[in-house]
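1. Quick one: sequence plus predicted model below, questions after.
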Amino acid sequence: MLYDRSSMGALEEDVRTVAGVWFDHDAHESLAEFVYQLPLAHVELDPHDQYESHATFDIEQMVRLFVLASARGIDSETTLVEFLRDRPVVQDELDFESIPDQSTLWRTWNERFSRNLRETVSRCGQIALIEAERADVSTPREVSESE
């Protein structure tokens, strides 16, 4: 094994590698769909989860949500709540039984995620965006009604 399973560098490399292959496939024409399938099963996120008690939302759900937000250029929790509220398909794909509110999203980003995880999530969103653009996949950077 080249990386420790909790390595954020390994996660970034996985996203870069998988995104490069994913978007080269003709059937993969959605940045969001890539994020929904983001390979997190082998990554240990617990060392980067600053919450000591049980949280309502699974850390993998929240990582995927914030990667999608980064890739889409959504930089406020209020806009992210509206984005989720307006897109039941995103809620379903990310397995949200309920939509996290603005304060939950703020706490997740600023208190639950370690600094290293926040930086990695942001970079992973940008990596996914770059790889999608290289493959001429539509990459909406503003909240749109199409997703």
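-> Alright, I've got the coordinates. Residues are numbered from 1 along each chain as shown.
2. how about the CA coordinates for the longest helix that the chain contains, as CSV?
-> When the chain is parsed with DSSP state H, its longest helix is helix 115-134. Extracted C-alpha coordinates of helix 115-134, given in CSV (Å, rounded to 0.1, in the frame of the first residue of the first chain):
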residue,chain,number,x,y,z
ARG,A,115,-8.4,21.7,8.3
ASN,A,116,-6.7,19.0,6.3
LEU,A,117,-10.1,17.5,5.3
ARG,A,118,-11.5,20.9,4.3
GLU,A,119,-8.5,21.6,2.1
THR,A,120,-8.7,18.1,0.5
VAL,A,121,-12.4,18.4,-0.1
SER,A,122,-11.9,21.7,-1.9
ARG,A,123,-9.1,20.3,-4.0
CYS,A,124,-11.1,17.2,-4.9
GLY,A,125,-13.9,19.4,-6.1
GLN,A,126,-11.5,21.4,-8.3
ILE,A,127,-9.8,18.2,-9.5
ALA,A,128,-13.2,16.7,-10.6
LEU,A,129,-14.1,20.0,-12.3
ILE,A,130,-10.8,20.1,-14.2
GLU,A,131,-11.1,16.5,-15.3
ALA,A,132,-14.7,17.0,-16.4
GLU,A,133,-13.7,20.1,-18.4
ARG,A,134,-10.9,18.3,-20.1
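3. Going by neighbour count, which residues of the lowest-mean-pLDDT helix or strand in the chain are buried?
-> Here the helix or strand of the chain ranked lowest by mean pLDDT, DSSP states H and E is helix 8-24, holding a mean of 82. Across helix 8-24, burial judged by 16 or more other C-beta atoms under 10 Å covers 8, 10-12, 14-15, 18-19, 22-23. Any C-beta I mention is one placed from the backbone N, CA and C, and that applies to glycine too.
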